Structures are given as structure tokens and as C-alpha cells.
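S.K.: 3D model of this:
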Amino acid sequence: MADQSTTGHTGICGYDADNILIRGRNLVTDIMGSYSFTQLMLLQALGQEPGEMQVRIVDAVMVTIMEHGMVPSAVVSRLTHYGAPESFQGAVAAGLLGVGDRYAGTAGECGAVLERILEADESERKARALEQVRSYRSIRRPIPGFGHPIHQTKDPRVDRLLEIVRAAGAGGEAIDAMYLLQDALREELGKPLVTNISAAMAAAMAEAGIPSRLMRGVVLTARCAGLVGHVFEEMSEPAAPAIWEAAQEAVDYEP
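M.R.: Okay, the predicted model is just below:
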């Protein structure tokens, strides 16, 4: 018999010959045909029945970030498929490895900053936001969720996502914290810096009760779907040869 002190456990899923149980619900009789993908994802990860507001917000976040164009993750997926066309999963996995702080990956870190602001009493949150900005600047790190290489004046996705979040019935505390962080950053810099979609997604997911540690996972789930589409298109309309050729022409060998 295994030593009970070293035996692990999971509350996510169990099965026998006749049943598959996810968070205590029968996959066949309780979940299939009754849950959307987003509902089941939240139930599986959080262990609680998701509410309508929560599902609407997280679904909107995933729609917002699913497609990012020919960013490095999509390029890597296409090139990996070009080199190993038998490995659909390898191409998608290669792209996911490139979803980091520069492209689509800062919502989780921004969410942690918002959590620290929200831990303070309401009257102290403005000061806490400024404290967070100064903490990042003291170590010469960019504040996550602000600035964008293309949308330098306004990220067109931000207002629409926050509109959806409010329409879903969110209370707005996390959104308010995001704006406090925005104002603190502008005060500290002495100039505006665009609030990007990562900050808005962090606020949106916080409104939906998603812990900051899970936020990158939500983003990765959405990006995985986007990369699947890129790899599928690559099968019939390959862009990888042109990408490879362009890279060879753009990069000189200088011994």
C-alpha cells in the first residue's frame, strides 16, 4: 500500500469502466450537450459552477485575443509545420512557446498588479497604484498592460471589451483599479501611455473572478485555437516558404 503521506490527489477528473467524472459531474449525462467549452473550462479549472457573467466575460476575452496576425508565434507554428508537416501538435506547441511578455502574455502579470491594488482599502488604492508604478520603474521594468508598438494612441479593443464586461453585470472595481494604474503611470511619466488589451483583459478577468495565476492560461487557450487555424491554412495555402526566403534575404552572414 502506498504511503498516505506521499499519495497525491486531484479533484478534477476520475473515471471507471462506465463513468467519467469531472468535478463531480458525469461527463456523458451532465456535461455533454449542456456545457459550452468556456463553461467547462472554468468548471474544470476553478472547481465551481461558473455564473453567466463569468462565462460571458471569459468568452469575450478569448475571442478578443484568439487571433494576433503574423506575430512570431504564428510564424513559428507555420515554419515548424513546414519542417515537420506530420506534426500538427508540434507546430501548435512551438507557437505556444512563443506567447510571452511581448505578445499577449502580460495580462497575468497586470492582473497581479490589480490584485495588489484591490487588496488596499478603497481610499488607499490611488496611492497603492502609484506605489506599484514606482516599484516597476525602480527596477527598470515596464508596467504590464501599457504601451503598444502599433496602437500607440489608442488600442481599439480596450473600450469594446470593457463595454462587454460592464454589460455582463460586472461591478467595476477591477476596471477602476486599471484606470487608477493608468493615471498613476501617466502622472509618473508626465505623459500618456496607451492602455493596451492586456490591461483590459486583466481587468475583465478579475471582474469575472479569475485569479491572476490563471489568466495566462486563459490567454494560451485562446491563442492555441488561433494557431490551429494558422496551421490548417498553412496546409493548403503555405506562407512558410516565403517567410523562410524573406528571412534568408533579410539576415546577412558577417563572419
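S.K.: how long is stretch 28-46 from one end to the other?
M.R.: 20 Å (Cα to Cα, to the nearest Å).
S.K.: Pull out the buried positions in it.
M.R.: 31, 35, 38-43, 45 (16 or more other Cβ atoms under 10 Å). (C-beta placed from N, C-alpha, C; glycine too.)
S.K.: Pass me the low-pLDDT residue ranges in this protein, would you?
M.R.: For the chain, residues meeting the criterion pLDDT under 70 lie at 1-5, 104, 149, 152.
S.K.: In it, where's the longest helix?
M.R.: helix 212-236 (DSSP state H).
S.K.: Next SSE downstream of it?
M.R.: helix 240-250 (DSSP states H and E).
S.K.: Now Gly14. Its backbone dihedrals?
M.R.: phi -140, psi 160 (degrees, to the nearest 10).
S.K.: number of nearby residues for it?
M.R.: 13 (other Cβ atoms under 10 Å).
S.K.: Show the contacting residues for the residue nearest the centre of the chain.
M.R.: Nearest to the geometric centre of the chain sits Val219, at 2.3 Å (Cα atoms, centre = their mean). Residues near Val219 by Cβ atoms under 8 Å, 6 or more residues apart in numbering: 61, 65, 99, 104-105, 107-108, 201.
S.K.: Need the residues you listed in TSV (columns: neighbour count, distance to Ser77 and secondary structure).
M.R.: Below are these laid out as TSV (neighbours: other Cβ atoms under 10 Å; distance: Cβ to Cβ, whole Å; DSSP: H, G, I helix; E, B strand; the rest coil):
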residue	neighbour count	distance to Ser77	secondary structure
Val61	28	21	helix
Ile65	25	16	helix
Val99	23	11	coil
Ala104	23	14	coil
Gly105	19	16	coil
Ala107	29	21	helix
Gly108	24	22	helix
Met201	34	22	helix
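S.K.: those helices in the stretch 101-250 of the chain, which residues are they?
M.R.: For the stretch 101-250 of the chain, the helices defined by DSSP state H, counting those that start in this stretch occupy 107-119, 125-138, 156-167, 173-189, 197-207, 212-236, 240-250.
S.K.: what is the orientation angle of the first one with helix 125-138?
M.R.: When you say that, I think you mean helix 107-119. Inter-element angle recorded for helix 107-119 and helix 125-138: 140 degrees (by axes from the mean of the first three to the mean of the last three Cα atoms, to 10 degrees).
S.K.: The residue lying closest to Ala239 once chain neighbours are set aside - how many residues pack around it?
M.R.: Leaving aside its sequence neighbours, Ala239 sits nearest to Arg78 (Cβ to Cβ, 6 or more residues apart in numbering; 5.7 Å). Using other Cβ under 10 Å, Arg78 has 25 neighbouring residues.
S.K.: sec struct for Arg78, please.
M.R.: helix (DSSP: H, G, I helix; E, B strand; the rest coil).
S.K.: isn't it right up against Ile243?
M.R.: Yes. With contact defined as Cβ atoms under 8 Å, Arg78 reaches Ile243; the gap is 6.5 Å.
S.K.: All set, thanks.
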